[in-house]
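Trainee: Give me coordinates for this.
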Amino acid sequence: MDDKAHIPYRTAKRFLIELIKNNDFSGDEEIIRLLHSILQDKSCLSYFTAGTMSCIRIDKEARIFLPDYSDQEVKMPCLPKTVFLFFLIHPEGVSFKGMRIHLQELYNIYQMVMKKNIEADKIKRILSNLVDPMSNSIYEVCSIIRNRLLRVVGPSRMEFYDITGKRSGYHHILLDRKLLVVEHEKLRQMMER
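Mentor: Numbering: from 1, shown residues only. So this is what the prediction gives:
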């Protein structure tokens, strides 16, 4: 028999907050063990505690980490990772509609991020679709990035790590670039330009 509760997320959240506020679970060892286990996980802890901003560390393999929130890599498919790194390189911001002029730079980043060889024509098709003003691809990619980051940074600090901007204006990542540690040599050179 399935003993899982089937209730809406908002209802479950409201119940959990009430339980925590009223400490109604104090005698339930199973719940105490579960809460303790959740709070031991740094990525979950970031949702519950306010603290300092984490740096973004990009290692020599172009993997992304937020070490103050979690020891685990922030995993993203190649295209979202390429876009995220591209916007880290451009603190001044870039218009989604004007990304076509950055096609070669996006191509170079994609090649660094890609672990295996892939045909140049295939990469160019993927990136051409991304920068096509008539395509929704950039918005879909930003949604994937947002989802992956939200799991680590939590909603309260998301605005500093997310790609934000007005629909027809410039988009950028607000994070102070002093909090950016880049160990990947080629990416570091691109960021220092």
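
Trainee: Grab the longest helix from the chain for me.
Mentor: What stands out as the longest helix in the chain, according to DSSP state H, is helix 137-153.

Trainee: Any regions of this protein where pLDDT drops low?
Mentor: Filtered on pLDDT under 70, the chain yields the residue ranges 1-6, 9-10, 13, 19-27, 35-52.

Trainee: Please, where are all the helices along it?
Mentor: Here the chain has its helices, by DSSP H, at 9-22, 29-40, 42-48, 78-89, 103-113, 120-131, 137-153, 158-161, 185-192.

Trainee: In the longest helix of the chain, which residues are buried?
Mentor: Within helix 137-153, the residues that count as buried by 16 or more other CB atoms under 10 Å are S137, I138, V141, C142, I144, I145, R146, R148, L149, R151, V152, V153. In short, each C-beta sits where N, CA and C put it, glycine included.

Trainee: Compute the inter-axis angle for that helix and helix 120-131.
Mentor: When axes from the mean of the first three to the mean of the last three CA atoms, to 10 degrees is applied, the directions of helix 137-153 and helix 120-131 differ by 90 degrees.

Trainee: who touches helix 137-153?
Mentor: Under the contact criterion CB atoms under 8 Å, 6 or more residues apart in numbering, helix 137-153 has outside partners 43, 46, 54, 66, 69-70, 72, 74-77, 79-80, 83-84, 96, 99, 129-131, 158, 160-163, 171.

Trainee: Over to stretch 161-175?
Mentor: Residues outside stretch 161-175 that contact it (CB under 8 Å, 6+ apart): 53, 56, 66, 83-84, 87-88, 90-97, 142, 145-146, 149, 153, 159-160.

Trainee: per-domain residue ranges of this structure.
Mentor: With domains defined by automatic domain parsing, the chain comprises 9-40, 56-192.

Trainee: Comparing those, which comes out most buried?
Mentor: Most buried of the domains of the chain by mean neighbour count (mean count of other CB atoms under 10 Å) is domain 56-192; its value is a mean of 16.

Trainee: Show me how far it is from its chain's centre.
Mentor: 9 Å (CA atoms, centre = their mean, to the nearest Å).

Trainee: thinking C78 is in contact with Y110, fair?
Mentor: Yes. Using CB atoms under 8 Å, C78 makes contact with Y110 at a distance of 6.3 Å.

Trainee: give me every residue that touches the nearest residue to M112 once chain neighbours are set aside.
Mentor: Sequence neighbours aside, A62 is the residue nearest to M112 in space, at 5.3 Å (criterion: CB to CB, 6 or more residues apart in numbering). A62 is in contact with K81, L85, M112, V113, H184, L187, counting by CB under 8 Å, 6+ apart.
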